[in-house]
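Asker: Dropping the sequence and predicted coords here.
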Amino acid sequence: MRKYLVLLLVAGLALASSTADVSPYISSDAPVNPGEGDLPVLDSFNVEDFSYGVYNVGLGFDGTNFWITEGYMQGGGEANYIYIVDGEDYTLITDVEQNNSSGWGLRDWCSDGDYMYASQSTDVDYYDPSTYEKVGSYTCSAVNPNRAQAWDGNYFYTGSFSNTIYQVEWDGVSGSTASYTSWSTAVGNGGTYGAAYDPWNDCLWVSTASSDGMLYQIGMDGALIDSFNLMPEQDTSGGACMAPYEGQDQLWVLAQDDPDMVYCWEVNPESLSPATWGEIKTLF
């Protein structure tokens with residue numbers, strides 16, 4: 001009887017873990033320090049209130065709405081989906097099928113102000129935020145998939161279950177191949193999943209899926225600024241993005257959990273906009 005109970009337990013654990021796209025690596029190449037301060041949770045919403053399954057992974061913001069990806073086919077579904085979610089009340093606007101993706105499908109999202117970008121391989125697809133349709137793609141062989149996605153106004157940044165974040169330069173021509181360089185090795189647990197450029201702090205926030213809750217803050221010189229532990233809210237993260245909360249941009253991170261959630265973490269308390277700083281400087 002004990003043998004069968006053990007087998008059932010192992011099967012149950014395997015089933016539970018299969019609902020998250022989890023990194024197989026926890027690296028000791030760099031220190032994993034949770035940092036001295038906590039990040040307050042400002043808000044959250046339940047993705048499974050509107051998703052078809054429990055395989056939600058990617059997160060982005062187009063300036064108005066959140067974009068969430070789900071690898072519904074990973075659980076035997078007929079297609080993978082993109083959920084377009086209102087950025088103010090977190091209700092579903094529409095869902096659309098991903099363009100010919102399979103398995104976990106598209107992962108993290110980023111926006112360059114014109115298009116939304118995400119990848120399931122070495123191809124990075126981009127979508128029109130007004131029609132939700134794919135309009136082009138480019139190739140980046142830095143990682144497969146180009147799991148994390150961020151844009152700082154000049155360069156893309158990507159990484160995938162590794163310590164390394166790559167800086168990517170693309171000419172803007174659909175079908176072309178982007179160039180890339182190793183930019184940072186500051187992700188200590190090797191679980192890179194999502195990325196978001198924060199113009200207020202001039203840094204990259206990197207979410208990870210190594211089951212230890214780690215979030216990394218990386219300066220734009222590629223050096224580690226700090227690291228934080230997001231548990232108990234999320235031990236395994238998916239995509240990340242910057243989006244407004246009560247008028248101020250904050251960090252939003254998808255939690256691959258039970259249920260899948262999106263949390264808003266306060267990273268910019270009482271920040272002043274660059275425009276405001278300019279106005280203040282003119283007074284002196």
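Answerer: Arrived safely, thanks for sending.

Asker: Need the distance between the two termini of stretch 204-220.
Answerer: With C-alpha to C-alpha, to the nearest Å as the measure, stretch 204-220 spans 7 Å from end to end.

Asker: Next, count neighbours for Ser51.
Answerer: 21 (other C-beta atoms under 10 Å). (Glycine included, C-beta is placed from N, CA and C.)

Asker: you'd agree it is up against Thr69?
Answerer: No. Checked against C-beta atoms under 8 Å, the pair Ser51 and Thr69 is beyond contact range at 9.9 Å.

Asker: joint contacts of those two?
Answerer: Between them, Ser51 and Thr69 share these contacting residues under C-beta atoms under 8 Å, 6 or more residues apart in numbering: 81, 83.

Asker: low-scoring pLDDT stretches of this structure, where are they?
Answerer: Under the criterion pLDDT under 70, the flagged ranges of the chain are 1-17, 26-37, 270-284.

Asker: distance of Cys110 from Tyr155?
Answerer: 11 Å (C-beta to C-beta, to the nearest Å).

Asker: Same drill for these two, tell me which one is more crowded.
Answerer: The residue with more neighbours, out of Cys110 and Tyr155, is Cys110; 32 against 18, by other C-beta under 10 Å.

Asker: Now do that one against Val124, distance only.
Answerer: For Cys110 relative to Val124 (C-beta to C-beta), the value is 10 Å.

Asker: okay, and the common contacts of the two?
Answerer: Contact criterion C-beta under 8 Å, 6+ apart; residues shared by Cys110 and Val124: 117-118, 149, 156.

Asker: Most neighbours among those, which one?
Answerer: Gln149 (31 neighbours).

Asker: Kindly provide the distance from that residue to Ser18.
Answerer: From Gln149 to Ser18 the distance is 24 Å (C-beta to C-beta).

Asker: mind listing the helices in the stretch 151-284 of the chain by residue range?
Answerer: Ranges of helices in the stretch 151-284 of the chain, per DSSP state H, counting those that start in this stretch, are 274-281.

Asker: That one: strands as residue ranges?
Answerer: 156-158, 165-169, 179-184, 192-198, 203-208, 214-219, 224-229, 237-245, 248-255, 261-265 (DSSP state E, counting those that start in this stretch).

Asker: Identify whichever of those lies nearest to Asn80.
Answerer: Closest of the strands of the stretch 151-284 of the chain to Asn80 is strand 237-245, at 14.0 Å (criterion: C-beta to C-beta).

Asker: Contacts only, for the closest residue to Lys134 other than its chain neighbours.
Answerer: Spatial nearest neighbour of Lys134, chain neighbours left out: Asn99 (4.1 Å); criterion: C-beta to C-beta, 6 or more residues apart in numbering. Residues in contact with Asn99 (C-beta under 8 Å, 6+ apart) are 125, 133-134.
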